[in-house]
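sequence and predicted structure below; questions after.
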Amino acid sequence: MSPALGWAAAAALVVGSAAAARLLLSTVTVRGGSMTPALLPGDVLLVLRHRRRARPGRIVVVQRPDRATGWRGPADLSGAAGWYVKRVVAAAGDPVPAWVAGAAPDRSGRVPPGMLVLRGDHPRSEDSKQWGLCPADRMYGVVLLRLRTGGERAAA
């Protein structure tokens with residue numbers, strides 16, 4: 001292989017890797033205090049975009065529920081509806097906590113397949129307390145890490 005061909009292959013690999021990362025990774029800036037004290041307004045999060053099952057304890061980014069229909073309307077992951085950053089409390093097969101709005105859709109008292117129970121860390125957060133179970137297809141992705149700390153924490 002000629003050196004020029006080697007460099008071209010390496011450049012193609014770098015460009016391909018960057019394109020793949022762009023498809024899988026995204027950044028989200030926290031707005032609002034629903035996840036305080038864990039996350040503060042202005043924190044920048046690295047999000048892995050995917051559809052696999054989110055485990056309890058993980059922080060996820062989901063489509064904001066519609067004020068009139070909640071999460072019952074069609075999924076829209078374009079970002080036009082806005083986003084919620086929330087913690088997964090229960091996933092498919094886990095018991096539905098008593099504080100979730102509305103009764104569990106099945107008699108087992110467990111989260112049905114394709115649904116999540118979400119909660120903000122702040123007590124006044126809007127989450128499954130008001131909106132009930134969140135369809136997993138509303139999930140944009142799972143938070144991997146905080147890339148940058150927001151101004152409020154940095155000033156403290």
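Cool, the structure landed.

can we go C-alpha only for contacts and neighbour counts from here?
Fine.

which of the helices and strands in the protein ranks last by mean pLDDT?
Using mean pLDDT, DSSP states H and E, the weakest-scoring helix or strand in the chain turns out to be helix 151-155, at a mean of 54.

run through this protein and note the low-pLDDT ranges.
Low-confidence segments of the chain (pLDDT under 70): 1-22, 51, 103-106, 151-156.

would you list every one of the strands in the protein?
25-29, 44-49, 59-63, 83-91, 115-119, 134-135, 139-148 (DSSP state E).

how far off strand 44-49 does the fourth one point, in degrees?
What that stands for is strand 83-91. For strand 83-91 against strand 44-49, the angle by axes from the mean of the first three to the mean of the last three Cα atoms, to 10 degrees is 60 degrees.

so which of the strands of the chain comes closest to residue 72?
Proximity to residue 72 (Cα to Cα) singles out strand 134-135 among these, at 8.5 Å.

by contact count, what packs against that closest one?
Using 3 or more Cα pairs under 8 Å, 6 or more residues apart in numbering; DSSP states H and E as the contact test, the elements touching strand 134-135 are strand 115-119.

same thing but 10 Å
Where contact means 3 or more Cα pairs under 10 Å, 6 or more residues apart in numbering; DSSP states H and E, strand 134-135 is packed against strand 59-63, strand 115-119.

give me the residues contacting that strand.
62-65, 70-72, 75, 88, 91, 112-118, 127-128 (Cα atoms under 10 Å, 6 or more residues apart in numbering).

go again with 8 Å.
71, 114, 115, 116, 117, 118, 128 (Cα atoms under 8 Å, 6 or more residues apart in numbering).

same check on stretch 58-65?
47, 54, 71, 75-77, 79, 81-88, 131, 138-143.

same thing but at 6 Å, please
71, 81-88, 138-143 (Cα atoms under 6 Å, 6 or more residues apart in numbering).

for that stretch, C-alpha coordinates in PDB please.
Provided in PDB are the C-alpha atoms of stretch 58-65 (Å, rounded to 0.1, in the frame of the first residue of the first chain):
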ATOM      1  CA  ARG A  58     -30.100   6.400  34.900                       C
ATOM      2  CA  ILE A  59     -30.800  10.000  33.800                       C
ATOM      3  CA  VAL A  60     -32.600  10.200  30.500                       C
ATOM      4  CA  VAL A  61     -33.800  12.900  28.100                       C
ATOM      5  CA  VAL A  62     -37.400  12.400  26.900                       C
ATOM      6  CA  GLN A  63     -39.900  14.300  24.900                       C
ATOM      7  CA  ARG A  64     -41.800  16.900  27.000                       C
ATOM      8  CA  PRO A  65     -45.400  15.800  27.400                       C
END
